[in-house]
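Chemist: structure, please.
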Amino acid sequence: MAGPRARPTPIASEARRRFDAGLGLPLALAGLLSLVACRDPDRALLARLPEAEQARFLRGRAVAVPCWTCHDLAGQVDKVGPSLEGVFGRRSGMAPDQPGSDAMLSAAIVWDEASLAAFLANPAGFVPGSRMVSPGVGDPDALADLIFYLRHVTQPGARTPER
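Modeler: Numbers count the residues shown, from 1 in each chain. Now for the predicted structure:
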(Lines give C-alpha, C1' and ligand atoms only; values in the text may rest on other atoms or scores of the structure.)
Protein backbone atom coordinates (compact mmCIF):
# COMPACT_ATOMS: atom_id res chain seq x y z
CA MET A 1 0.00 0.00 0.00
CA ALA A 2 1.38 3.37 -0.97
CA GLY A 3 1.90 6.10 1.59
CA PRO A 4 0.18 9.48 1.51
CA ARG A 5 0.80 11.51 -1.62
CA ALA A 6 3.00 14.54 -1.21
CA ARG A 7 1.28 17.82 -1.85
CA PRO A 8 2.78 19.88 -4.66
CA THR A 9 4.73 22.92 -3.57
CA PRO A 10 3.33 26.34 -4.53
CA ILE A 11 6.11 26.68 -7.12
CA ALA A 12 5.36 23.25 -8.61
CA SER A 13 1.64 24.04 -8.66
CA GLU A 14 2.28 27.35 -10.45
CA ALA A 15 4.60 25.66 -12.96
CA ARG A 16 1.97 23.02 -13.66
CA ARG A 17 -0.73 25.70 -14.05
CA ARG A 18 1.39 27.60 -16.57
CA PHE A 19 2.21 24.43 -18.47
CA ASP A 20 -1.47 23.44 -18.53
CA ALA A 21 -2.35 26.95 -19.70
CA GLY A 22 -0.11 26.46 -22.72
CA LEU A 23 2.78 28.54 -21.43
CA GLY A 24 5.12 25.69 -20.47
CA LEU A 25 5.95 24.36 -23.91
CA PRO A 26 6.77 27.75 -25.46
CA LEU A 27 8.95 28.63 -22.46
CA ALA A 28 10.69 25.25 -22.59
CA LEU A 29 11.31 25.66 -26.33
CA ALA A 30 12.64 29.17 -25.79
CA GLY A 31 15.07 27.81 -23.22
CA LEU A 32 16.17 25.04 -25.58
CA LEU A 33 16.63 27.48 -28.44
CA SER A 34 18.78 29.76 -26.30
CA LEU A 35 20.91 26.76 -25.35
CA VAL A 36 21.30 25.72 -28.99
CA ALA A 37 22.01 29.26 -30.16
CA CYS A 38 24.35 30.43 -27.41
CA ARG A 39 26.07 27.77 -25.34
CA ASP A 40 25.53 24.50 -27.12
CA PRO A 41 28.78 22.49 -27.13
CA ASP A 42 27.41 20.61 -30.14
CA ARG A 43 26.72 23.70 -32.24
CA ALA A 44 29.60 23.07 -34.67
CA LEU A 45 28.66 19.39 -35.00
CA LEU A 46 25.03 20.27 -35.66
CA ALA A 47 25.97 22.85 -38.29
CA ARG A 48 27.74 20.15 -40.33
CA LEU A 49 24.73 17.81 -40.34
CA PRO A 50 21.82 17.88 -42.81
CA GLU A 51 18.52 19.00 -41.24
CA ALA A 52 17.07 15.48 -40.94
CA GLU A 53 20.22 14.30 -39.18
CA GLN A 54 20.15 17.33 -36.87
CA ALA A 55 16.73 16.23 -35.62
CA ARG A 56 18.00 12.69 -35.06
CA PHE A 57 21.10 14.02 -33.29
CA LEU A 58 18.94 16.14 -30.95
CA ARG A 59 16.64 13.21 -30.21
CA GLY A 60 19.69 11.06 -29.40
CA ARG A 61 21.10 13.79 -27.19
CA ALA A 62 17.85 13.91 -25.23
CA VAL A 63 18.04 10.14 -24.68
CA ALA A 64 21.67 10.54 -23.50
CA VAL A 65 20.91 13.02 -20.72
CA PRO A 66 20.88 10.37 -17.92
CA CYS A 67 24.25 9.06 -19.16
CA TRP A 68 26.06 12.23 -18.10
CA THR A 69 25.46 11.46 -14.45
CA CYS A 70 28.17 8.80 -14.66
CA HIS A 71 30.00 9.45 -17.94
CA ASP A 72 31.98 12.32 -19.48
CA LEU A 73 32.46 12.90 -23.20
CA ALA A 74 35.99 14.22 -23.20
CA GLY A 75 37.77 12.61 -20.27
CA GLN A 76 38.01 15.97 -18.54
CA VAL A 77 35.73 15.22 -15.59
CA ASP A 78 36.37 12.30 -13.24
CA LYS A 79 33.11 10.40 -12.93
CA VAL A 80 32.03 6.96 -11.74
CA GLY A 81 31.88 5.57 -15.28
CA PRO A 82 34.51 5.80 -17.97
CA SER A 83 34.81 8.66 -20.41
CA LEU A 84 32.98 7.92 -23.64
CA GLU A 85 35.49 9.80 -25.77
CA GLY A 86 36.85 7.35 -28.30
CA VAL A 87 34.49 4.55 -27.22
CA PHE A 88 33.90 3.30 -30.78
CA GLY A 89 36.65 0.80 -31.52
CA ARG A 90 37.78 0.57 -27.89
CA ARG A 91 37.76 -2.71 -26.00
CA SER A 92 35.40 -2.97 -23.03
CA GLY A 93 37.00 -2.13 -19.71
CA MET A 94 39.92 -0.34 -21.37
CA ALA A 95 39.01 3.33 -21.03
CA PRO A 96 42.02 5.55 -20.33
CA ASP A 97 42.48 6.55 -16.68
CA GLN A 98 39.57 4.35 -15.56
CA PRO A 99 39.99 0.86 -14.13
CA GLY A 100 37.62 -1.49 -15.94
CA SER A 101 35.40 -3.83 -13.99
CA ASP A 102 36.17 -7.54 -14.08
CA ALA A 103 32.95 -8.09 -16.03
CA MET A 104 33.88 -5.55 -18.71
CA LEU A 105 37.46 -6.77 -18.97
CA SER A 106 36.32 -10.40 -19.25
CA ALA A 107 33.70 -9.54 -21.88
CA ALA A 108 36.45 -8.32 -24.24
CA ILE A 109 33.93 -6.54 -26.46
CA VAL A 110 35.12 -4.10 -29.10
CA TRP A 111 32.54 -1.33 -29.02
CA ASP A 112 30.81 -0.66 -32.32
CA GLU A 113 27.25 0.31 -33.20
CA ALA A 114 25.92 -3.25 -32.81
CA SER A 115 27.66 -4.03 -29.51
CA LEU A 116 26.80 -0.63 -28.01
CA ALA A 117 23.17 -1.04 -29.07
CA ALA A 118 22.97 -4.49 -27.46
CA PHE A 119 24.65 -3.24 -24.28
CA LEU A 120 22.62 -0.04 -23.99
CA ALA A 121 19.37 -1.95 -24.56
CA ASN A 122 20.10 -4.27 -21.61
CA PRO A 123 23.39 -3.61 -19.79
CA ALA A 124 23.02 -6.32 -17.14
CA GLY A 125 21.86 -8.89 -19.68
CA PHE A 126 24.58 -8.16 -22.23
CA VAL A 127 27.45 -7.97 -19.73
CA PRO A 128 26.42 -9.81 -16.54
CA GLY A 129 28.18 -8.28 -13.56
CA SER A 130 28.52 -4.89 -15.22
CA ARG A 131 28.51 -2.00 -12.75
CA MET A 132 26.33 0.10 -15.05
CA VAL A 133 23.08 0.73 -13.21
CA SER A 134 20.97 1.82 -16.19
CA PRO A 135 17.90 -0.28 -16.92
CA GLY A 136 18.65 0.20 -20.60
CA VAL A 137 16.92 1.93 -23.49
CA GLY A 138 13.90 -0.15 -24.47
CA ASP A 139 12.59 1.92 -27.38
CA PRO A 140 14.41 0.79 -30.57
CA ASP A 141 14.02 4.21 -32.22
CA ALA A 142 15.38 6.04 -29.16
CA LEU A 143 18.25 3.55 -28.99
CA ALA A 144 19.11 4.09 -32.67
CA ASP A 145 19.07 7.87 -32.15
CA LEU A 146 21.27 7.50 -29.06
CA ILE A 147 23.83 5.46 -31.01
CA PHE A 148 23.72 8.04 -33.84
CA TYR A 149 24.39 10.82 -31.33
CA LEU A 150 27.18 8.91 -29.60
CA ARG A 151 28.82 8.14 -32.94
CA HIS A 152 29.21 11.88 -33.49
CA VAL A 153 30.06 13.24 -30.04
CA THR A 154 32.46 10.55 -28.84
CA GLN A 155 35.02 11.05 -31.59
CA PRO A 156 38.14 12.58 -30.04
CA GLY A 157 37.97 16.36 -30.41
CA ALA A 158 34.40 16.26 -31.76
CA ARG A 159 33.25 19.08 -29.52
CA THR A 160 36.28 21.28 -30.11
CA PRO A 161 35.01 24.58 -31.49
CA GLU A 162 35.94 25.37 -35.05
CA ARG A 163 38.35 28.24 -35.40
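Chemist: quick check, Ile147 in a strand?
Modeler: No - assigned with DSSP: H, G, I helix; E, B strand; the rest coil, Ile147 falls outside any strand and is helix.
Chemist: what is the neighbour count of it?
Modeler: Counted with other Cβ atoms under 10 Å, the neighbours of Ile147 add up to 19. The C-beta positions use only the backbone N, C-alpha and C, and glycine is treated the same way.
Chemist: low-scoring stretches of this protein, by residue?
Modeler: Confidence mapping of the chain against pLDDT under 70 gives the ranges 1-38, 160-163.
Chemist: switch to 50 and redo it
Modeler: The chain contains residues with pLDDT under 50 at 1-3, 5-6, 8-13, 15, 31, 34-36, 163.
Chemist: list the contacts of the residue most central in space within it.
Modeler: Geometric centre of the chain, nearest residue: Ala64, 1.5 Å, by Cα atoms, centre = their mean. Contacts for Ala64 (Cβ atoms under 8 Å, 6 or more residues apart in numbering) come out as 146, 149-150.
Chemist: so which helix or strand takes in it?
Modeler: Counting by DSSP states H and E, the element that carries Ala64 is helix 51-64.
Chemist: buried ones in that helix?
Modeler: 54, 56-61, 63-64 (16 or more other Cβ atoms under 10 Å).
Chemist: now which of the contacts of Ala64 would you call buried?
Modeler: Among the contacts of Ala64, the ones that count as buried by 16+ other Cβ under 10 Å are 146, 149-150.
Chemist: which is the succeeding secondary structure element to the helix holding Ala64?
Modeler: Sequence-wise, the next helix or strand downstream of helix 51-64 (DSSP H and E) is helix 102-107.
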